[in-house]
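>>> I would like to see how this sequence folds:
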Amino acid sequence: MQSFKIKHLSRRTVTLSGAAAVASALSFAAAAQSVPPATPTVTTPPPAVGLWLDHTGRGAVEISECGGALCGRIVWLKEPTDKAGNPLRDILNEDRSKRTRPICGLQIIGDVRPQRDGSWDAGWIYDPEQGEAFDVELRMRGPDALQVKGYKGLKFLSQTFQWRRIAEAPAPKCS
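Next comes the predicted model:
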């Protein structure tokens, strides 16, 4: 009778003879084949990620992922300069040290976190036309419609706007 040596995962060698050796080898091979190969984890971005034309039609905001949260910055303005031809500045900001920063390219959304109901909340949105930041909730209202709700502490005292997805920011884009 012929005997076979089979190495176990525990690094021991076991000697089996005849049919027992063949059955053991076949079950080991079958077990090795039944383990599915590792597949890379592919994460899809949240639906709110992308370019959005704001409710006024005068600005475009790019929303992206930032460390597990969402953030957004202005990437286009219909009128990026004042009457003198200078870039619009954040002149209404409550913080005097920020009043010289340009509006074009300004981060206006930050720290918005996913919620159990599918919305994104607990972050902030900044309105340069008021020079003020608000709490914000983002909620998809279709593949190309984003509801933006700005509020101060209580959501029933809020303003809600609809932003529309766009494929590309019009020219000229903010730098």
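>>> walk me through the domains of the chain.
3-34, 50-166 (automatic domain parsing).
>>> as TSV, the ones you listed with mean pLDDT and mean neighbour count would be great.
Any C-beta I mention is one placed from the backbone N, CA and C, and that applies to glycine too. Output for these, formatted as TSV (pLDDT from 0 to 100; neighbours: other C-beta atoms under 10 Å):
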stretch	mean pLDDT	mean neighbour count
domain 3-34	48	10
domain 50-166	95	16
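>>> out of these, which comes closest to S175?
domain 50-166 (6.4 Å; C-beta to C-beta).
>>> quick one on the thing from earlier: okay if I get the domains of the chain as JSON lines plus distance to K173?
As requested, these are arranged in JSON lines below (distance: least, C-beta to C-beta, whole Å):
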{"stretch": "domain 3-34", "distance to K173": "53"}
{"stretch": "domain 50-166", "distance to K173": "5"}
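>>> quick one: the residue nearest to the spatial centre of the chain and D82, what's the gap?
Nearest to the geometric centre of the chain sits E65, at 3.2 Å (C-alpha atoms, centre = their mean). Distance from E65 to D82, counting by C-beta to C-beta, to the nearest Å: 33 Å.
>>> all strands for the protein, in order.
3-7, 13-17, 50-53, 59-66, 69-77, 107-114, 120-127, 132-140, 145-152, 154-166 (DSSP state E).
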